[in-house]
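1. this one's sequence-less:
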């Protein structure tokens, strides 16, 4: 059970890393570089799997970012609008109270200090936030005054608000300190006396109530809510921008009735800025309400969510890469094993084919040897007969001649045996100097008898211009045996087999083996070098001869091509390098 | 008794002829099928010893031709191919074949047997 588990684990561990180089075997592998195949497989699979994941994650990020942004904008806008409405109402309420007072009381009653004090008391009671009241004539003289500051008899002709108060029927000033040295706002109403001259009823708003109102809208610790004038000077204290009357770097907003939200930076930190001009139906105030929210603080929830998403995506990526790596290793391992088996089978086949060639050769050799042996047998028998029938002397010339004949026959046997032995020995890779004509003739000597018997005319035309080759003799010999054997099987009696060699250039030799035999049908021609393709009847051929010949030619760094016309003949054209490179053989 | 030996291995049949002569059998030698056809038209033979594998006319073909010329002629085949099985299919069963190298006593025994009938 445990061993089974361990062996199944091995499927996921790259087996090809332990691949041992074997020059004979490596040639038959379909894929040479399994490392490369493995890394490419992982890379391609990972890229195809991870790219969509990353794209979807990014799109998701953007969508969330967008919705968070719009949510923040909406919230800021709502807050700004609400606060603005409240502040506008605050101003409007007090302005309307003053308008009512002026219309109801008239100039004569207003300039009565006692009366004015009573009005102030009532206004304070009813609305609050008002600190004093005064009546000022056209020349800026304070005609009447009610309030806690001792400002009776002051002249306001040179005060900037006074000119504005004369010019506009209703007027609300910026926050300023004025004579009393306390930040305040002036609300003034211009009116006409019965005699036609102009007077102003002025009320002072302390900013305390205003700030309280603003503070009531401050939601959470991240929001900052304050008023500025149209020159960017703070009208109420701000958490982010500083104390009252500080000049801020806020860009001066263009007038708009609507609440607007924009992005800005405050001390290098991104903020959402909502602003709205405060105006009532009757008067436009110099105030702009600003709500500033630090984005980072507000996006805390989103950042936390993003961190979670990042974790999830990260773990997914790790998992995908792990699965892909394991799956690739598994698949490539399988492929490697199959390829290894195939290579081993192919090598085995090549060796079998070599053995088959030897067998074929041996049969030929046996036949060749039998003839000289028969002769030895008869000659020796004859010598024996001479002694037994004629009792001739030992120095008889005929005996000597016959002994020579025996020796000659023995020589013939020796030659054939040597050729056979030489053939077997050359299965090891051995690069040797080779005379092509001699090699062809050596191989043909095995077919001499068959050619004579079947009346096949064999011509060899290899001129002296064909240089000596340096190549693997054994392989070249086997190629020749296979091709000549093939030609002999294709031809009928009286046909020709021609072997023509020529020098193509300094590095290449061409050898054509052509026959006037039956030829190869066109449909078979394309399959001819596939393993196991055979037109021979069952059990007559393995279908490996030409396939292996093709492999051997490739091993020698050469090429082989075939032309054939059915009924006319076939020619195999071999091109071989004059000098083989050692590494090509390996 | 006259025997004709047909084989392209000249030394072999010359030697065989001489040895047969020692044993009282007259043997003529020819080195090809064509020569054998020529020869048989001029003299009578009792037995023909034929090599199967020869250039030109093979032993089996030669037998057909010689039979038509001399119907009484008996045949013995000799072959360098050791494998008898492959030949059996092709040969008519009553034919006799011997494999090289052959034993002269066996040959004489067979010649005597077939000529007795």
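-> It's in. As the structure is a computational prediction, the values presented were derived from the model and not from experiment.
2. count of residues packed around residue 95?
-> All of this refers to chain A. Other residues near residue A:95 come to 22 when the count uses other Cβ atoms under 10 Å in any protein chain shown. Any C-beta I mention is one placed from the backbone N, CA and C, and that applies to glycine too.
3. hm, I was asking about chain B
-> Residue B:95 - counted by other Cβ under 10 Å - has 16 other residues nearby.
4. In contact with it, which residues?
-> Residue B:95 makes contact with B:63, B:75, B:77, according to Cβ atoms under 8 Å, 6 or more residues apart in numbering or on different chains.
5. and residue A:34, what does it touch?
-> A:14, A:16, A:19, A:332, A:336.
6. Which positions in the stretch 251-400 of chain A make contact with chain B?
-> Within reach of chain B by Cβ under 8 Å from any Cβ of the partner chain, the stretch 251-400 of chain A has these residues: A:363, A:366-368, A:370-371, A:373-379, A:381-382, A:385, A:389.
7. Which residue, neighbours along the chain excluded, lies closest to residue A:17?
-> Among residues not flanking residue A:17 along the chain, residue A:35 sits closest, at 7.4 Å (Cβ to Cβ, 6 or more residues apart in numbering or on different chains).
8. just checking, next helix/strand downstream of the helix or strand where that neighbour lies?
-> Element membership for residue A:35 (DSSP states H and E) is helix A:34-110. Next in sequence after helix A:34-110, counting helices and strands by DSSP H and E, comes helix A:113-126.
9. And the following helix or strand past that following helix, what does it pack against?
-> Counting by DSSP H and E, the next helix or strand C-terminal to helix A:113-126 is strand A:130-137. When contacts are defined as 3 or more Cβ pairs under 8 Å, 6 or more residues apart in numbering or on different chains; DSSP states H and E, strand A:130-137 packs onto helix A:34-110, helix A:113-126, strand A:142-147, strand A:198-206.
10. Run me through the strand neighbours of strand A:130-137, direction for each.
-> strand A:142-147 (antiparallel), strand A:198-206 (antiparallel) (DSSP bridges).
11. Other residues contacting the next helix or strand after the longest one?
-> Put plainly, it is strand A:198-206. Going down the chain from strand A:198-206, the next helix or strand is helix A:207-215, by DSSP H and E. Residues from elsewhere that reach helix A:207-215 (Cβ under 8 Å, 6+ apart): A:83, A:86-87, A:90, A:128-129, A:175, A:183-185, A:225-227, A:235-237, A:244.
12. For residue A:491, see how far away residue A:309 is.
-> Distance, residue A:309 to residue A:491, by Cβ to Cβ, to the nearest Å: 79 Å.
13. Counting neighbours around each, name which of those two comes out higher.
-> The neighbour comparison of residue A:309 against residue A:491 (other Cβ under 10 Å) goes to residue A:491, with 23 against 14.
14. quick one on the thing from earlier: rebuild the contacts of residue A:34 as JSON lines, extending it with secondary structure, pLDDT and neighbour count.
-> Formatted as JSON lines, these follow (DSSP: H, G, I helix; E, B strand; the rest coil; pLDDT from 0 to 100; neighbours: other Cβ atoms under 10 Å in any protein chain shown):
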{"residue": "A:14", "secondary structure": "coil", "pLDDT": "81", "neighbour count": "17"}
{"residue": "A:16", "secondary structure": "helix", "pLDDT": "80", "neighbour count": "19"}
{"residue": "A:19", "secondary structure": "coil", "pLDDT": "79", "neighbour count": "15"}
{"residue": "A:332", "secondary structure": "helix", "pLDDT": "91", "neighbour count": "23"}
{"residue": "A:336", "secondary structure": "helix", "pLDDT": "90", "neighbour count": "20"}
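15. follow-up on the earlier one: just the angle for the helix holding residue A:35 relative to helix A:113-126, thanks.
-> Using axes from the mean of the first three to the mean of the last three Cα atoms, to 10 degrees, one finds that helix A:34-110 and helix A:113-126 are set 150 degrees apart in direction.
16. quick check: angle from helix A:34-110 to helix A:207-215?
-> For helix A:34-110 against helix A:207-215, the angle by the same axes, to 10 degrees is 150 degrees.
17. Low-confidence regions, the chain specifically.
-> Picking chain A for this. Scanning chain A for pLDDT under 70 picks out A:220-221, A:297-298, A:360, A:363-364, A:367, A:391-395, A:414-430, A:526-545, A:581-586.
18. try again with chain B
-> Those would be B:81-94, B:117, if you go by pLDDT under 70 across chain B.
19. could you pull out the strands for it?
-> Ranges of strands in chain B, per DSSP state E, are B:2-6, B:26-30, B:47-51, B:74-79, B:96-99.
20. Could you identify which of those is most buried?
-> Among the strands of chain B, the stretch with the highest mean neighbour count (mean count of other Cβ atoms under 10 Å in any protein chain shown) is strand B:47-51, at a mean of 25.
21. check whether that one contacts chain A.
-> No: on the criterion Cβ under 8 Å from any Cβ, strand B:47-51 is out of touch with chain A, staying 9.2 Å away.
22. Would you reformat the helices and strands packed on strand A:130-137 as TSV and include distance to residue A:254?
-> As requested, those are exported to TSV (distance: least, Cβ to Cβ, whole Å):
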stretch	distance to residue A:254
helix A:34-110	16
helix A:113-126	35
strand A:142-147	37
strand A:198-206	27
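23. surely residue A:454 meets residue A:493?
-> Yes: contact criterion Cβ atoms under 8 Å: residue A:454 and residue A:493 qualify, at 5.4 Å.
24. Between those two, which is the more surrounded one?
-> Using other Cβ under 10 Å as the criterion, residue A:454 and residue A:493 rank with residue A:454 on top: 17 against 9.
25. Tell me who's in contact with the more buried one.
-> Per Cβ under 8 Å, 6+ apart, neighbours of residue A:454: A:488, A:491, A:493.
26. Now the first one: which helix or strand?
-> With the criterion set as DSSP H and E, the secondary-structure element containing residue A:488 is helix A:473-490.
27. tell me which residues of that helix are tucked away?
-> Buried residues in helix A:473-490, counting neighbours by 16 or more other Cβ atoms under 10 Å in any protein chain shown, are found at A:473-488, A:490.
28. so which helix or strand takes in the nearest residue to residue A:54 once chain neighbours are set aside?
-> Once flanking residues are discounted, residue A:54 sits nearest to residue A:313: 7.9 Å by Cβ to Cβ, 6+ apart. Element membership of residue A:313, judged by DSSP H and E, is helix A:300-385.
29. now the angle from that helix to strand B:47-51?
-> Computed with the same axes, to 10 degrees, the direction of helix A:300-385 lies at 150 degrees from that of strand B:47-51.
30. picking up where we left off before, identify, from the contacts of residue A:454, the entry nearest to chain B.
-> Checking the contacts of residue A:454 against chain B with Cβ to the nearest Cβ, the nearest one is residue A:493 at 9.8 Å.
31. Chain B versus residue A:76, what's the distance?
-> 106 Å (Cβ to the nearest Cβ, to the nearest Å).
32. for residue A:259, same thing?
-> 112 Å.
33. do residue A:102 as well
-> The gap separating residue A:102 from chain B is 144 Å, by Cβ to the nearest Cβ.
34. List only those of the residues of the stretch 251-400 of chain A next to chain B flagged as buried.
-> Buried among those by 16+ other Cβ under 10 Å: A:366-368, A:370-371, A:373-379, A:381-382, A:385.
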